[in-house]
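*Asks:* Need a 3D model of the sequence below.
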Amino acid sequence: MKAIQTEHLTKYYGKSRGIVDLSLSVEQGAFYGFIGPNGAGKSTTIRTLLGLITPTEGAARVLGHDIRREKQQILSQVGYLPSETMFYSGMRVKDVLRFSADLHKKDCREEAQRLCSRLELDPNRKVEELSLGNRKKVGIVCAMQHKPILYIMDEPTSGLDPLMQREFFELLKERNRDGATVFLSSHVLSEVQKYCTHAAVIREGRLLISDSVENLGHTEAKRVTVRGIRELPEIDHAKDVKPLEDGISFLYDGKPAELMRKMAELPIRDITITEPDLEEIFLHYYEKEETCDDGL
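*Replies:* This is a model prediction of the structure:
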């Protein structure tokens, strides 16, 4: 059984695009990143998976349950953190946490206390007095206190300071080591590269690619750093040229022999060829998609 399985999942808001023909598979126990800029369709995908909005076409199952017919079974086994957390005014943090636990019919007081301690969250504060970051912490505790087997989190680190971001991911890593599946959307590529084992890239509602983070890094493009020259002559397949203090850096996705021939003609002092980071790979996939679109 897959943790998440979608087949041609599509959602339109009237004539406006949400997601289109999305086929995605997430194995149980994965730490999965769902990558895309704002407006790419990440939140629409998550809300559709949880049965919070109805798909226009296609099908999906979460933990073996159909998103159209078995929404309650899904929600009972999932820890969901929306991108924006909102609570009833006048309630204290501990009241919100107890209300959330009651919805799951569980006594979560001990785990809630432990999570509040780790996230430095005061359970006696009123929610309307909290900063954006502390409101996000309340949402995190609500999503984690009942110890679900699947965590679905939408832009979970927005509003958290760097120390709390690190602690949050430590909590997720612990749950993942215990067997839980983590599915989180993000446009922060560095955190996906650092923590996720698998990832998918979405653009304008369409899935571009889905694979292990390791395999996503194995593109034809390489980052080339050249010392000793200030300008790069015209070289086919060279792009994203960046000036350096004593040289230049660029992405190259052509034939290595052709690159070496061109470099031999230049008065370079040193050359380094490395794998690009995830941000560069992300842009590489987007540029490939734009090239395909232009060719249609």
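
*Asks:* Low-confidence ranges, the stretch 1-150 of the chain, go.
*Replies:* For the stretch 1-150 of the chain, no stretch has pLDDT under 70.

*Asks:* can you pull out the helices in it?
*Replies:* For the stretch 1-150 of the chain, the helices defined by DSSP state H, counting those that start in this stretch cover 42-49, 71-77, 93-103, 109-118, 132-144.

*Asks:* For those, state which one has the densest average packing.
*Replies:* Most buried of these, by mean neighbour count (mean count of other Cβ atoms under 10 Å): helix 42-49, with a mean of 24. (C-beta placed from N, C-alpha, C; glycine too.)

*Asks:* hmm, who's touching it?
*Replies:* Helix 42-49 is contacted from outside by 4, 6, 9, 11, 18-19, 22, 24, 34, 36, 53-55, 60, 62, 67, 74, 80, 82-83, 152, 154-155, 185, 202, 205, using Cβ atoms under 8 Å, 6 or more residues apart in numbering.

*Asks:* Put the buried members of these into a ChimeraX selection.
*Replies:* Selection of buried members from the contacts of helix 42-49 for ChimeraX, criterion 16 or more other Cβ atoms under 10 Å:
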select :4,6,9,11,18,19,22,24,34,36,53,55,60,62,67,74,80,82,83,152,154,155,185,202,205
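
*Asks:* So which of the contacts of helix 42-49 are in strands?
*Replies:* In strands, judged by DSSP state E, the following of the contacts of helix 42-49 are found: 4, 6, 9, 11, 18-19, 22, 24, 34, 60, 62, 80, 152, 154, 185, 202.

*Asks:* of all those residues, which comes closest to Cys142?
*Replies:* Distances from Cys142 to these, taken as Cβ to Cβ, are shortest for Tyr80 (8.7 Å).

*Asks:* For the closest one, which non-adjacent residue is closest in space?
*Replies:* Nearest residue to Tyr80 in three dimensions, chain neighbours excluded: Ile152, at 5.1 Å (Cβ to Cβ, 6 or more residues apart in numbering).

*Asks:* what sits against that neighbour?
*Replies:* Contacts here follow Cβ under 8 Å, 6+ apart; on that basis Ile152 touches 46, 49-50, 78-81, 183-184.

*Asks:* What score does it have for pLDDT?
*Replies:* If you check Ile152, the pLDDT there is 98.

*Asks:* That one and Ala143: what is the separation?
*Replies:* Distance, Ile152 to Ala143, using Cβ to Cβ, to the nearest Å: 8 Å.

*Asks:* so what sits against both of those two?
*Replies:* The contact sets of Ile152 and Ala143 overlap at 79-81 (Cβ under 8 Å, 6+ apart).
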